[in-house]
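Participant: Predicted model and sequence below, questions to follow.
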Amino acid sequence: MQTYIGPEGVLQKRQRYFYPCTSHFYRNPPQLVKGEMQYLYGHDGTRYTDFFAGVSVVATGHCNPEIAERTAEQLRTLQHTCTIYLTQPNVELAERLAGVLPGRLRRTFFVNSGSEANEGALLLARLHTGRRGFLALEQSLHGRTYLTMSVTGLQMWRTDSQLAEAADVTFIPRPYERGMSADEAGRRSIAALRAALAAKGGEIAAMIAEPIQGNGGIIAPPDWYFAEVKRLLEQHGVLLIADEIQTGFGRTGQMFAMDRYGVAPDIVTMAKALGGGIPVAGFAATDEIAASFTRPSASTFGGNPVSSVTALAVLDYIEAHRLPERAERLGAQLRGGLERLAARFPQLALDVRGAGLMLGAELCADEPQRGAGLVDDVLEAMKDRGYLIGKNGVNRNVLAFQPPLVIAEADIDGMLSALEAVLAGLA
C-alpha cells in the first residue's frame with residue numbers, strides 16, 4: 001500500500017531541497033497522487049476536476065489508457081537511443097506532423113521543451129536570413145533560455161536582471177489594450193510593426209508571436225491581425241514564428257491556432273499537448289527554410305522512441321475523438337456560462353476572452369491588485385469545492401480555463417455552478 005507524506009511533508013521537503021523560485025498554488029495545497037482523464041486525486045482520496053491541464057499539457061487527459069499502454073509497451077521495448085542511430089518512431093512522428101501542420105511546413109527538429117523549441121526556431125531564423133534582430137509582442141512569454149527570455153515581454157518571466165535590452169529585440173504593443181476595441185488595439189499594434197520594419201526591417205530575422213497569449217492573460221487578436229502581420233513581414237523578408245506551445249493540437253478549436261486566422265507561418269513551435277505529459281517538443285519549417293540548418297546539431301533526448309510513440313498515440317487519439325471540434329463545441333458552452341456570470345456580477349468586472357477551451361476571465365481589470373487577491377480567493381474556494389483552475393495575466397488577475405479536451409458537458413456545468421456560488425460570496 002502506498003504511503004503518502006501529505007501536503008505538509010511535501011512542502012517541508014520542497015523548502016529544504018528546491019530553489020526558492022519554485023512556488024505553488026493555494027494557501028492549503030493538496031498532494032496530488034493520481035490522475036484519470038479529466039480528474040486528479042489527492043492523497044486523501046479527494047477528487048478534483050482539472051480545468052488547467054498542467055497549463056495546457058494533458059489535452060488528451062491524465063493517464064489516458066489508450067496512450068499510456070502504447071507508452072508502456074515502448075518503454076519495455078526500446079527506451080532510448082539518439083538521432084545518430086536509426087529508429088522508426090521519430091521519422092513516423094515527423095511524417096505524421098507534416099500532415100497536420102499549417103501551410104507547407106514539413107520538416108521537424110525534435111527537442112524536449114517549449115523553451116528549446118523556441119530557441120531552435122529563433123536560431124533557424126537567424127541561419128536562414130543571415131540577420132540578427134527579432135520582433136516580439138509586449139507581455140509575451142516564449143521561454144526561460146537566454147534567447148527566449150530576451151524575446152519574452154512579460155516582465156515577471158524576464159528573470160535575468162542583466163538581460164541584454166533592445167539591441168536585438170524590438171517589442172511592439174500587443175493587439176489588446178483595456179478600454180480599446182479589438183480593432184483599435186490591432187491597428188495600434190500594426191502601426192508599431194510598420195514603424196519597426198521601416199526603421200530596421202533589413203536587420204530583423206523573424207517576428208515571434210503566440211497566436212493567443214497564454215500567460216499574458218489569454219489575449220486573442222482580431223481575426224484579421226495575423227494576415228496583416230504576415231503581409232507586412234513578407235515585404236521585408238522577415239519570417240513569422242508561431243509559438244503554438246500552449247495553443248497547439250486542438251485547444252482553440254483547430255489543430256493549430258494559426259489555422260483560425262487562415263495564416264501559414266514560416267516556422268511553428270510545439271510542445272505541451274503533443275506529449276500529453278511526456279516531454280516532447282519541436283520546431284517545424286518548410287523545406288526551403290530547414291535547408292539553411294546544415295551545421296551539426298542534435299538533441300540527446302529529442303524524438304527518443306518513448307516520446308515519439310507517445311506523441312503518435314496522442315495524435316491518433318486527437319483524430320479519433322475529434323478533439324478540436326470538441327474543444328470548439330465545449331468552449332462555446334464554457335464561454336457562454338462565463339459570460340452569464342460576468343453579466344450577473346458586474347461589480348467584479350469579468351472580462352471573458354479566448355477561443356475554444358483556452359479561455360480567460362479577468363477580474364477587476366481597473367483594480368488589478370484587488371483582482372489578483374480575488375483570483376487567489378476564487379482558486380482556493382474552487383479547489384475546496386473540487387475544481388482546479390489556473391491563473392495568469394500581467395497582474396495575475398485572470399482566471400484561466402484550459403481543461404483537458406476530454407472534459408464533459410456535465411463537468412463544465414458543475415464547475416460553472418460552483419464558480420457562481422464562489423463569486424456570489426465575493427461580490
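Facilitator: Yep, that arrived.
Participant: Name the spans of the stretch 301-427 of the chain whose pLDDT lies under the cut-off.
Facilitator: Segments of the stretch 301-427 of the chain classed as low confidence (criterion: pLDDT under 70) are not present in this model.
Participant: ranges for the strands of it?
Facilitator: Secondary structure of the stretch 301-427 of the chain (DSSP state E, counting those that start in this stretch): strands at 351-355, 358-362, 387-388, 390-392, 398-401.
Participant: What of the stretch 101-250 of the chain?
Facilitator: Applying DSSP E, counting those that start in this stretch to the stretch 101-250 of the chain gives strands spanning 107-111, 133-137, 169-172, 204-209, 239-243.
Participant: List the contacts of the shortest one.
Facilitator: Looking back up the chat, that one is strand 169-172. The set of residues external to strand 169-172 that reach it, using CB atoms under 8 Å, 6 or more residues apart in numbering, is 133-138, 150-151, 153, 189, 192-193, 196, 200, 204. Where C-beta positions appear, they are placed from N, C-alpha and C, glycine not excepted.
Participant: Show me which pair in the residues you listed is furthest apart.
Facilitator: The span of these, defined through CB to CB, is set by Ser150 and Ser189 at 20.0 Å.
Participant: got the strands of the stretch 301-427 of the chain as a markdown table, with mean neighbour count and distance to Arg370 columns?
Facilitator: Formatted as a markdown table, the strands of the stretch 301-427 of the chain follow (neighbours: other CB atoms under 10 Å; distance: least, CB to CB, whole Å):
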| stretch | mean neighbour count | distance to Arg370 |
| --- | --- | --- |
| strand 351-355 | 21 | 14 |
| strand 358-362 | 26 | 12 |
| strand 387-388 | 22 | 22 |
| strand 390-392 | 23 | 14 |
| strand 398-401 | 27 | 14 |
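Participant: Distance to Ala273 for the ones you listed - can I get that in a markdown table?
Facilitator: Putting the strands of the stretch 301-427 of the chain into a markdown table (distance: least, CB to CB, whole Å) gives the following:
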| stretch | distance to Ala273 |
| --- | --- |
| strand 351-355 | 15 |
| strand 358-362 | 11 |
| strand 387-388 | 17 |
| strand 390-392 | 15 |
| strand 398-401 | 15 |
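Participant: Out of the strands of the stretch 101-250 of the chain, which one sits most buried?
Facilitator: Taking mean count of other CB atoms under 10 Å as the contact definition, the stretch among those with the greatest mean neighbour count is strand 239-243, which reaches a mean of 28.
Participant: Contacts for that strand, please.
Facilitator: By CB under 8 Å, 6+ apart, the residues outside strand 239-243 that reach it are 102, 114, 118, 121-122, 125, 128-129, 140, 142, 205-211, 226, 229-230, 233, 256-258, 263, 265-269, 289.
Participant: and that strand with strand 204-209, angle?
Facilitator: On the basis of axes from the mean of the first three to the mean of the last three CA atoms, to 10 degrees, strand 239-243 is oriented at 30 degrees to strand 204-209.
Participant: Tell me the gap between strand 239-243 and the middle of its chain.
Facilitator: Average the C-alpha atoms of strand 239-243, do the same for its chain, and the two points are 15 Å apart (CA atoms, centre = their mean, to the nearest Å).
Participant: pLDDT weak spots in this structure?
Facilitator: Of all residues in the chain, those with pLDDT under 70 make up the ranges 1, 164-167.
Participant: Which residue would you name as the spatial centre of it?
Facilitator: To find the centre residue of the chain, average its C-alpha atoms and take the closest one (CA atoms, centre = their mean): that gives Gln246, at 1.6 Å.
Participant: Was I right to think Gly414 contacts Thr49?
Facilitator: Yes. With contact taken as CB atoms under 8 Å, Gly414 and Thr49 are classed as touching, separated by 7.0 Å.
Participant: Find residues that contact each of the two.
Facilitator: Tyr387.
Participant: chain center to stretch 9-29: distance?
Facilitator: In terms of CA atoms, centre = their mean, the centre of stretch 9-29 is set 24 Å apart from its chain centre.
Participant: Could you tell me the end-to-end distance of that stretch?
Facilitator: Stretch 9-29 has an end-to-end distance of 12 Å (CA to CA, to the nearest Å).
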